[in-house]
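Asks: next comes the sequence, and after it the predicted model I'd like to discuss.
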Number of protein chains: 2
Amino acid sequence: MRRVDPREPQLAVTDWGATRGDGIFESVSVIDGRMPPLDARFDRLEASARALDLPLIDRALWTEALLRSIDAHDPVERLAVTLALTRGVEGGDGTPTAWLLARPARDFTDIRRTGVSAVTLDRGYASDAAEGAPWLLLGAKHLSYATNSAALREASRRGADDVIFTSTDGLALEGPTSSLLVRRGDIVESPSADSGILAGTTQSTAFGFFESRGFTARFAPIRADDLADADAVWLVSSVRQAVAVHTLDGRPLPVDGELTAALNDWLANAARSE
Amino acid sequence: MRRVDPREPQLAVTDWGATRGDGIFESVSVIDGRMPPLDARFDRLEASARALDLPLIDRALWTEALLRSIDAHDPVERLAVTLALTRGVEGGDGTPTAWLLARPARDFTDIRRTGVSAVTLDRGYASDAAEGAPWLLLGAKHLSYATNSAALREASRRGADDVIFTSTDGLALEGPTSSLLVRRGDIVESPSADSGILAGTTQSTAFGFFESRGFTARFAPIRADDLADADAVWLVSSVRQAVAVHTLDGRPLPVDGELTAALNDWLANAARSE
């Protein structure tokens, strides 16, 4: 483990991460300098490693690196920490490249309050595409995110802030960097991971919030066409937390500001809980 | 333009190329130190740039960089040169990162003679998925190639050397790093680029070879099921050139060693033609 100058280059252009997006990552939110719970995140990092045939994670080493980065950083309210692991360097000895980068998180305070507009975009896969085709890496959090970035640019061209991907068979899936939650009455649903999406760690914490409020929280197939008359739609992720979708494909959706604020308090508290 | 030490890191871990595979590339084969024709390659690089909303290519600058890299390198029979362009650094001023890397090409002499075994793997998309969904970046040569690498590992697990991707509607498409050519009698076909595959620059040169030999060379949908009784199947790419597929999904395919050798001579001559 080595601390490097963030202003100097750190990676070789022959790193498989740079030449083929052949690696995995996680984003961790560190609030008030407190070590966040890491088990679910390490579980997902390990699932991603398995999907890409990368070596399993040395949790103690990553935890130590995270602690050191928190210590070394100026105290800020919120740090966004990226953990990345690539297949190493072309022609190298197979040693993976790993880095951890801690930076002050963007301030999402306003967007957590106001919400975002989103568009639905076809992700091109059927919801059962992952079955029997592990090489599609659906459900792995890998570095090959060019299509996610392209989808966000398409949203921007359409005057929207974010994207909800849909499957070719009409299911709503997830955002490019977030999980989807949909409320209808006292039921909150999220698409299950077997539809080829990322297992959401923040989504899982959010389920705890809704259960504590008496909602039924569960995984279920969500038809994209049914989003239009949902009682609330959120996109949740570790650093931005929960944002309500106030407009979908140009049509307004109901927003419950109080419930969203309480959900965000819950998520922030969960991140501080260790 | 700056020449850098290949043993030192060149890229920031905050480069969008490294964190999101958000960039494009081309591979160029330089034979006997002779500048190869670049128009078709620059055309494709530019098409990729447009697909990813990256700035258009300064052809004179890239050509100059390529010339300098050839001059600077020890004289070798074959150089494999990578040109890459990323969206630049997160939080930067939007200036893209560009690099050119010249290395001795792997020696593919034997494999050009013996051919490869391949397996067909579902790419998860229908052949018309690209229509109306430009954010899927089908047909762009971008850095988000993790699924291509995963497919090659899957092939290896099945005891094969390479992959022919298929669409969900049963068409044969391309290899992870190559175009597909199929001969049946005096007709040689390649899947057309509107099926969501890369426009092959080597495939285009290969068409010239087959036409010079009296074959009809054309684009056409190729059913994956029809590969089994083709008269020849090749995977073609700029550095490895043409390799015959001698075994597909465990079943033997006919190989014409003489025709393959002549095709490879033609491709090598075309690369030296300027």
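Replies: Here it is on my side, so go on.

Asks: not counting sequence-adjacent ones, nearest residue to whichever residue of chain A sits closest to chain B?
Replies: Scanning chain A for proximity to chain B using C-beta to the nearest C-beta identifies residue A:21 as nearest, at 2.6 Å. In this view, the C-beta of every residue, glycine as well, is placed from N, C-alpha and C. What sits nearest to residue A:21 in space, not counting adjacent residues and going by C-beta to C-beta, 6 or more residues apart in numbering or on different chains, is residue B:21, at 2.6 Å.

Asks: measure how buried that neighbour is and give me the count.
Replies: Burial measure for residue B:21: 28 neighbouring residues, criterion other C-beta atoms under 10 Å in any protein chain shown.

Asks: that one contacts residue A:148, correct?
Replies: No. The criterion here is C-beta atoms under 8 Å, and residue B:21 misses it with residue A:148 at 9.6 Å.

Asks: can you tell me the closest non-neighbouring residue to residue A:124?
Replies: Of all residues beyond its chain neighbours, the one nearest residue A:124 is residue B:129 (4.3 Å), with distances taken as C-beta to C-beta, 6+ apart.

Asks: show me the contacts for that neighbour.
Replies: The neighbourhood of residue B:129, defined by C-beta atoms under 8 Å, 6 or more residues apart in numbering or on different chains, consists of A:122, A:124, A:168, B:136, B:138, B:167, B:196.

Asks: at 7 Å what do you get?
Replies: The neighbourhood of residue B:129, defined by C-beta atoms under 7 Å, 6 or more residues apart in numbering or on different chains, consists of A:124, B:136, B:138, B:196.

Asks: what does residue A:242 give?
Replies: The contact partners of residue A:242, by C-beta under 7 Å, 6+ apart, come to A:112, A:206, A:234, A:236, A:260, A:263-264, A:267.

Asks: for those residues, which one is nearest residue A:34?
Replies: Using C-beta to C-beta, the shortest approach to residue A:34 within the contacts of residue A:242 belongs to residue A:267, at 13.6 Å.

Asks: before we move on, back to that, now render the contacts of residue A:242 as a markdown table, adding pLDDT, neighbour count and distance to chain B.
Replies: As requested, the contacts of residue A:242 are arranged in a markdown table below (pLDDT from 0 to 100; neighbours: other C-beta atoms under 10 Å in any protein chain shown; distance: C-beta to the nearest C-beta, whole Å):
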| residue | pLDDT | neighbour count | distance to chain B |
| --- | --- | --- | --- |
| A:112 | 98 | 21 | 21 |
| A:206 | 98 | 25 | 25 |
| A:234 | 98 | 29 | 22 |
| A:236 | 98 | 25 | 20 |
| A:260 | 98 | 20 | 27 |
| A:263 | 98 | 25 | 27 |
| A:264 | 98 | 22 | 24 |
| A:267 | 97 | 24 | 23 |
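
Asks: the nearest residue to residue A:17 once chain neighbours are set aside - how many residues pack around it?
Replies: Nearest residue to residue A:17, sequence neighbours excluded (C-beta to C-beta, 6+ apart): residue A:86, at 3.1 Å. Other residues within reach of residue A:86 by the criterion other C-beta under 10 Å amount to 28.

Asks: any idea how far residue A:86 lies from residue A:22?
Replies: Remark: distance between residue A:86 and residue A:22 (C-beta to C-beta, to the nearest Å) = 6 Å.

Asks: which residues are common contacts for these two?
Replies: What both residue A:86 and residue A:22 touch, as defined by C-beta under 7 Å, 6+ apart, is the set A:16, A:143.

Asks: pull the residues that contact the host helix or strand of residue A:179.
Replies: Assessed by DSSP states H and E, residue A:179 sits inside strand A:178-184. Strand A:178-184 has contacts (C-beta under 7 Å, 6+ apart) with A:164, A:172-174, A:188-191, A:198, A:200, A:202-203, A:206, A:222, A:227, A:230-237.

Asks: buried subset of the residues you listed, written for ChimeraX?
Replies: Selecting only the buried entries of those in ChimeraX, with 16 or more other C-beta atoms under 10 Å in any protein chain shown as the criterion:
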select /A:164,172,173,174,188,189,190,191,198,200,202,203,206,222,227,230,231,232,233,234,235,236,237
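
Asks: restricted to helices, list the contacts of strand A:178-184.
Replies: The members of those that map onto helices under DSSP state H are A:202-203, A:206.

Asks: for these, which one is nearest residue A:66?
Replies: Each of the ones in helices among the contacts of strand A:178-184 was checked against residue A:66 using C-beta to C-beta; the closest is residue A:202, at 17.4 Å.

Asks: follow-up on the earlier one: now, among the ones in helices among the contacts of strand A:178-184, which is nearest to residue B:94?
Replies: Proximity to residue B:94 was ranked across the ones in helices among the contacts of strand A:178-184 by C-beta to C-beta; first place goes to residue A:202, at 29.6 Å.
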